[in-house]
Every structure is written in C-alpha cells, then in structure tokens.
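1. structure, please.
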Amino acid sequence: MIDTLLEYDTELFLFLNNLGAQPWDNLWLIITNKLASIPLYALLLFFLYKKFGAKSLLVFVVVVALMITFTDQITNVFKRTFERPRPCGEADLIDQMRFIAVRCGKYGFFSGHASNSMAVAVFAGLMLKPYYKNLIFILLFWSAVLAYSRIYVGVHYPLDLLCGLTFGAISGFLFYKLAKYLLNRFAPQN
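-> Okay, the predicted model is just below:
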C-alpha cells in the first residue's frame, strides 16, 4: 500500500514538475526563495499592529517566532526520521524531471516551506479575520502557490507538500489559540 502511494506520488510529481517551462523558471525561483516572503510577513505584522496595538505586537512577534521555530524543528525531525530522499536526489528520476533549484538537500519529507507558509497563513488569517474577512483565503492561496513552487523547482513530492501544509495548518491554529490566550492575559483589548 505504501509503495503504491509513493509510486502515485512520484508520477504526480513528474507530471506537475514537467508542466514548467524555461520562461517561467526565474519567477518560480523567486517565489520559492524564503526571502521573497519577507515583505508579506512585514505587511501582516503591520496589519496586526494597526488592529491590535504596539503592546500586542510584541506578543505576536514572540508567538510567530515560536511558531516558525516549532514548524522548522518538527519538519527536521520528520526529515531525519523518515529519510525520504528528495526527487532531485533520486538518480533514476533526474533524467525525467526539471531540476532548477539552487541546491537539492538530502531529505524532503515533509516540506518546511509548506509547513511554515501554511502556519503563517492560518495564524494571520484567523487573527485578522474580524477585520479583513477574505485575507485568510488570499493567504491560503499564497501558501499553496509557495508549496507548488517546491515541485516546480524539483525538490519536493506532492505528498511532502500535503503533509507539510496539513502540519502547518494545525500548527497555525494552535499558535493562534496561544496568541489569543496571551493577548487576553497580557494585552487585553478595550
């Protein structure tokens, strides 16, 4: 059963990865770059500051830093535990795929990019939902595009992304609850 699932995962990866074309490569390399999301993170922090105030911003910065650290470290635990090679590290796949990433990395299950982006999307989307009703949908779409970029550049299978997105959504919700608790305790709103 697991072997069949991994086979389908590989086939779907090859299909999605080979949808790419050279004219689009630079765009997807920018999207997949961790630094490219910094302006969005800054904008979300600004929105949180505007709606909750300066005292609350400190709570948000601490909680988001903890959330990103948590998702990163748990992702690394899974990668080291399962030791699933990335597609770009599979000798029998390299001739069938488009590999355009800067580097390959050793293990890919599950995606840190997917888990981090989804955690931020769920966390910020839920915190700001009373003020910006559709923001969560925009953030979920952004997270999905960022996740797909990992297939496009050749470093993750779809199952890596699905598990990363799921873990990120759960983490984002849990840290949203933590932030709500801390805000009520240390920075109550009038």
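
2. quick one: residue 130 is in a helix?
-> No. When classified by DSSP: H, G, I helix; E, B strand; the rest coil, residue 130 is found to be coil rather than part of a helix.

3. pull the number of nearby residues for it.
-> For residue 130, the neighbour count with other Cβ atoms under 10 Å is 8. Heads up, the C-betas are built off the backbone N, CA and C, glycines and all.

4. quickly note the distance from it to residue 32.
-> Between residue 130 and residue 32 the distance, using Cβ to Cβ, to the nearest Å, works out to 32 Å.

5. please, where are all the helices along this structure?
-> 2-17, 22-32, 38-52, 54-82, 112-128, 135-152, 158-186 (DSSP state H).

6. want to throw the ones you listed into JSON lines with mean neighbour count, distance to residue 99 and mean pLDDT?
-> Shown next, in JSON lines, are the helices of the chain (neighbours: other Cβ atoms under 10 Å; distance: least, Cβ to Cβ, whole Å; pLDDT from 0 to 100):
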{"stretch": "helix 2-17", "mean neighbour count": "14", "distance to residue 99": "8", "mean pLDDT": "94"}
{"stretch": "helix 22-32", "mean neighbour count": "14", "distance to residue 99": "11", "mean pLDDT": "96"}
{"stretch": "helix 38-52", "mean neighbour count": "14", "distance to residue 99": "26", "mean pLDDT": "95"}
{"stretch": "helix 54-82", "mean neighbour count": "16", "distance to residue 99": "19", "mean pLDDT": "94"}
{"stretch": "helix 112-128", "mean neighbour count": "26", "distance to residue 99": "16", "mean pLDDT": "97"}
{"stretch": "helix 135-152", "mean neighbour count": "20", "distance to residue 99": "10", "mean pLDDT": "97"}
{"stretch": "helix 158-186", "mean neighbour count": "19", "distance to residue 99": "15", "mean pLDDT": "96"}
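
7. can you lay out those as a markdown table showing distance to residue 106?
-> Converted to a markdown table, the helices of the chain look like this (distance: least, Cβ to Cβ, whole Å):
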| stretch | distance to residue 106 |
| --- | --- |
| helix 2-17 | 17 |
| helix 22-32 | 18 |
| helix 38-52 | 26 |
| helix 54-82 | 8 |
| helix 112-128 | 13 |
| helix 135-152 | 15 |
| helix 158-186 | 13 |
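
8. go through the ones you listed and name the closest to residue 98.
-> Of all the helices of the chain, helix 2-17 sits nearest to residue 98, with 5.6 Å by Cβ to Cβ.
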